[in-house]
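1. Could you work out the structure for the sequence below:
(chains A and B)
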Amino acid sequence: MNISLTLLMALPLLGAAVLAALPKANGILAKQVALASTILVALVTIVMAVGFERDNINLQYVESRPWIPSFGINYAVGLDGISLVLILMTTLLAPIVVLAGWNESQNGRWSTKTFYILILVLEMMAIGVFTATDVFLFYVFFEAMLVPVYFLIGGYGTGERSAAAVKFLLYSLFGGLLMLASIIGLYVLAGAQGGHTFDTQALSQLQMSSTTQNLLFLGFFIAFAIKAPLWPFHTWLPDAADSATPGTSVLLLGVLDKVGTFGMIRYCLTLFPEATKTFTPVIITLSVISIIYGAFLAIGQKDIKRLIAFTSISHFGFITMGIFAMTSQGHSGATLYMFNHGFSTAALFLVAGWMISRRGSSTISDFGGLQRVTPVMAWAFFFAGMSSLALPGLSSFVSEFLVLVGTYTRYPVAAVIATFGIVLAALYILIPVQRALHGPITAGNENLSDLTLRERVAIAPVVVIILFLGFYPSPLLKVINPAATHVISQMGFSDPAPTQLGGK
Amino acid sequence: MTFTAPVLNYTILSPMLIILAGALIGVIIEAFVSKAFRPLVQLILTLGTLLLALVQVFRIRGTESVTAAMGSVIFDGPGFLLQAAILIISIISVFLIADNENFTALAAAIPGSVEEQESIQQGNKVTEVFPLTLFAVAGMLLFPISSDLITLFVALEMLSLPLYLMAGLSRRRRLLSQEAALKYFLLGAFSSAFFLFGAAYLYGYSGDITFAGIRDSVVGGSGNDIFLLIGIAFVSIGLLFKVGAVPFHAWSPDVYQGAPTAVTAFMAAATKVAAFGAMLRIYYTVFANAQWSWTPLLSGIAIITMLFGSFVAIAQRDVKRMLAYSSIAHAGFLLAGVIALNKAGLSASIFYLFAYGVATVGAFAVVTLVRDSAGEVTDLNRWTGLGKRSPWVASVFAFFLLAFAGIPLTSGFIGKFSIFSAAYESGAKAVVIAGVLSSAIAAFFYIRVIVLMFFTDSHEDATTVVIPSVLTRITVIFSFVITVALGVYPAPLIDFINKFATFIR
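-> Sure, this is the predicted structure:
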């Protein structure tokens, strides 16, 4: 029995326990402890990633113990390529968020140490949700992680923070409860077919009528679509991202929302292959709508945080489209996209957060001429923007390209329409870049200070990762591809043979 | 005329006999012990009695008997589990009752009279509440193990009458409290009448008042079905009234609000265990074979109860009324366990009853702590900013609310999962869907309280949180620990319940 994943989850909790024991007054020490714990977790994850056998499609680092035996519930965790990439993203982002948002907790309702306790608990649950191989355990993490995020938004955010927090929580709980109904359905089916279990593998072997399968699929899918978020389930996201601190937003959009897209792969596809086929046209349509709609709304935003939130809705459209295109390129692209989106969103939110805290405003038109006042910050924002619009040479380009290629072979129309999303992306990124960074220096911006050493250290790894994976994505793709191909082949799909130009 | 001496199995009856003996000694103490010592002596006696009964219940676990009292009492695994749950909940409720800040100085005095003033000045305390509690507990212990309609009725009255009195003992807002007591009494009397009416029809149907006899008639299908249906309907009304299911819930918000909070806690938690215990026994054993005649209606009632409780709770401005409507919604969830009519449903219901009861007592214990100069403050608008002033108390309360909402890692989630899966398994999918939806609605008002406590800046007429006494502290900590433990690692209790949860007939 391999307990490395459990230990990985125990580390942030240990950090949280140390924080809890610290005196309330010493905020600096709390930050240092939080940073040290998140770095330690990141290092351990990297070690585990190095030890991961890339070509082995079986789950690795598997641990399984009975938890509630009479319901067939196990504490079961394990890693495949997809979940490895996602926990790698989570644990790498966590120290960056802590370092970048060093002073984020000061406007909160509670102490600094509570802020970091919540972050560490969230990190632990995020690891849990990506590694759980028992549906019940997954659900427990899925729901329980709402609580720390709720308090992070409501307690440390700005503006209408408590309303945004409640909206976030209610949307997610509603989706979660639909999923609970589906989970109960699966449990009962399993009970009727050879014994109660929540093991993902065993559940994927269940026989069910197509009506049942469709209904259960919808329970899962709506929960994930709210989480991801997919149009029309997205309305909570702009409010939450607007009110949360930049660091929380990074965790929310970068990590938490990936649970939705991850869940689609891990649960919707593997548990309900037939229903997936039935609903694919609808979902592809919704994805395309998300891509275009998110992009258009992003163009129209005056507030920089809301703009980033809408760009994410567009990006999640790409990810969902890649997942449901049912090709191995689409799948690999979607998973890589999840990873890259985490970092490009982190870059955007963190730099935007620094801009906002310096200027005291999040309205785009309040900025202007930053290029001359704060060149480093301006370059960082520019870079983040380029990564978000998927400039070739940066990591997002690879994933977006893969998704489009993977979709085109099966759904050419959707892929073509989605390509317009890239054009729109250029607009929604270049407009704020032009308004905020270039042009004359707006009144009130003359004395803004440039990035401090701490902020530069925090953003540097993000820049390095985005550049590196832009030129050389294969270390990640080698991990992702076998898992993605495995999912596709398990569902009985094979990649369509490429057709010649002009052939239909 | 010949007289047969009753044969009683004293071992099996002993928990109830211990409680009754304790209650009688309590009455004697009222008469003979001086005022100054009474509260302490009563508390020790009551706790001792309850603990002794609990020990005794555990000692006779695993015993099964249908003839413990000439066929009037049936003792089996579920009986043991329910009695143990009732006793544990009673013990932690007695800790709250012992902090008798909340009770009137002289129950007989007219509110606002000179007599009342005098007795307050003399520092009188109503120690009668202890023997009353014990009498109620005795009734509750008997209720789920009764095996004929007469015993069931006697147990029903035995648990209800002391509760009617206790509801009227509030120290402050006494008129409201007395109104609550009267309302509870009158509606309770009505429901008793319905119950008896139904019992009469069941007797007419089967010619027997024992559960075994009625079941045989149901299985044989020989009697007049109209009588059976009327009997089931009216007996059900009597029981549904006790658990506060819609449309028989009207008493519960007023009584929850008017009664002293400690009594509300006891009543909300322990009565529910007893009443659902009896319900489970009747539906699972007596009416099981006639399930097609009652499951559709009961499913309807369960759905309405869940949705109604959740919706109306949203509009509440008083924490005790809100918890009352929440308990109505929970009664709906528990009805799903009754409808399930399978072994999983029985285990799940017992688990849910225990988990919910403990969390309820804990939540009300927190309510007793939030006060201003004039006593407890239950107006939610004045709970604003509580998280700032007393983070621990507010956090614990928030945790109980999350447990009621069924968030994972609390006992509420495991309870909800197990009860819904049992209902789903038996085919009651509509009930499960309604349950899931009403959970989502219910989450809204639980979260609203959390928002009030943590995310809203406080008013000027702020409330204070009193430093909890040792007894209240024990209750809160115990409830909290149980709620966490059953959320994180419920396997031992679930296995324990599974081992015993089989009705004998």
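2. so residue A:146 sits right up against residue A:173, yeah?
-> Yes. When contacts are counted by CB atoms under 8 Å, residue A:146 is listed as touching residue A:173 (6.9 Å). C-betas here are computed from N, CA, C, even on glycine.
3. what's the longest helix in chain B?
-> helix B:174-206 (DSSP state H).
4. Beyond that one, next helix or strand please.
-> Of the helices and strands lying after helix B:174-206 in sequence (DSSP states H and E), the nearest is helix B:211-220.
5. where are the low-confidence patches of chain B?
-> B:1, B:100, B:459-462 (pLDDT under 70).
6. Find the closest residue to chain A in it.
-> Relative to chain A, the nearest point of chain B is residue B:455 (3.5 Å; CB to the nearest CB).
7. What about that residue, how many residues nearby?
-> Using other CB atoms under 10 Å in any protein chain shown, residue B:455 is surrounded by 22 other residues.
8. Name the nearest residue to it, sequence neighbours excluded.
-> Nearest-residue entry for residue B:455: residue A:162, 3.5 Å, with adjacent residues in sequence omitted and distances by CB to CB, 6 or more residues apart in numbering or on different chains.
9. what does residue A:311 give?
-> Distance criterion CB to CB, 6+ apart; nearest residue to residue A:311, sequence neighbours excluded, is residue A:298 at 4.8 Å.
10. Find the helix or strand that that neighbour is a member of.
-> Under the criterion of DSSP H and E, residue A:298 resides in helix A:273-300.
11. buried residues in that helix?
-> Buried positions in helix A:273-300, judged by neighbour count with 16 or more other CB atoms under 10 Å in any protein chain shown: A:273, A:275-276, A:279-280, A:283-284, A:286-288, A:290-295, A:297-299.
12. Check which helices and strands that helix is in contact with.
-> Based on contacts counted as 3 or more CB pairs under 8 Å, 6 or more residues apart in numbering or on different chains; DSSP states H and E, the elements that helix A:273-300 packs against are helix A:210-227, helix A:304-324, helix A:412-432.
13. thinking again about what came up before, go through the longest helix of chain B and flag the buried ones.
-> Buried residues in helix B:174-206 (16+ other CB under 10 Å): B:174, B:176-181, B:183-185, B:187-188, B:191-192, B:194-203, B:205-206.
14. phi, psi of residue A:122?
-> phi -60, psi -40 (degrees, to the nearest 10).
15. Tell me how far the closest residue to it other than its chain neighbours lies from residue B:419.
-> Nearest non-adjacent residue to residue A:122, counting by CB to CB, 6+ apart: residue A:148, 4.4 Å away. In this view, residue A:148 and residue B:419 are 27 Å apart by CB to CB, to the nearest Å.
16. more neighbours, the two?
-> Neighbour count, other CB under 10 Å: between residue A:148 and residue B:419, residue B:419 has more, with 29 against 23.
17. can you tell me the helix or strand for that one?
-> When elements are assigned from DSSP H and E, residue B:419 belongs to helix B:411-425.
18. what about that helix, distance to the chain center?
-> Remark: helix B:411-425 is offset 19 Å from the chain centroid, using CA atoms, centre = their mean, to the nearest Å.
19. which strands and helices sit next to it?
-> helix A:135-144, helix A:161-192, helix B:319-340, helix B:343-369, helix B:391-405, helix B:429-450, helix B:470-488.
20. Alpha carbons only: can I get it in PDB?
-> Only the C-alpha atoms of helix B:411-425 are listed here, as PDB (Å, rounded to 0.1, in the frame of the first residue of the first chain):
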ATOM      1  CA  SER B 411     -22.900  13.600  10.400                       C
ATOM      2  CA  GLY B 412     -25.800  15.200   8.500                       C
ATOM      3  CA  PHE B 413     -24.300  14.300   5.100                       C
ATOM      4  CA  ILE B 414     -23.800  10.600   6.000                       C
ATOM      5  CA  GLY B 415     -27.300  10.600   7.400                       C
ATOM      6  CA  LYS B 416     -28.800  12.200   4.300                       C
ATOM      7  CA  PHE B 417     -26.800   9.900   2.000                       C
ATOM      8  CA  SER B 418     -27.800   6.700   3.700                       C
ATOM      9  CA  ILE B 419     -31.500   7.600   4.100                       C
ATOM     10  CA  PHE B 420     -31.800   8.800   0.400                       C
ATOM     11  CA  SER B 421     -30.000   5.800  -0.900                       C
ATOM     12  CA  ALA B 422     -32.300   3.500   1.100                       C
ATOM     13  CA  ALA B 423     -35.400   5.300  -0.300                       C
ATOM     14  CA  TYR B 424     -34.000   5.200  -3.800                       C
ATOM     15  CA  GLU B 425     -33.300   1.500  -3.500                       C
END
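21. just to revisit the earlier point, hang on, the residue nearest to residue A:311 packs against residue A:315?
-> No. Residue A:298 lies out of contact with residue A:315 (CB under 8 Å); the separation is 10.2 Å.
22. so is the closest residue to residue B:142 other than its chain neighbours in a helix, a strand, or just coil?
-> In space, and not counting its chain neighbours, residue B:142 is closest to residue B:155: 3.9 Å by CB to CB, 6+ apart. Under DSSP: H, G, I helix; E, B strand; the rest coil, the three-state class of residue B:155 is helix.
23. any idea how far residue B:155 is from residue B:136?
-> Using CB to CB, we find residue B:155 at a distance of 11 Å from residue B:136.
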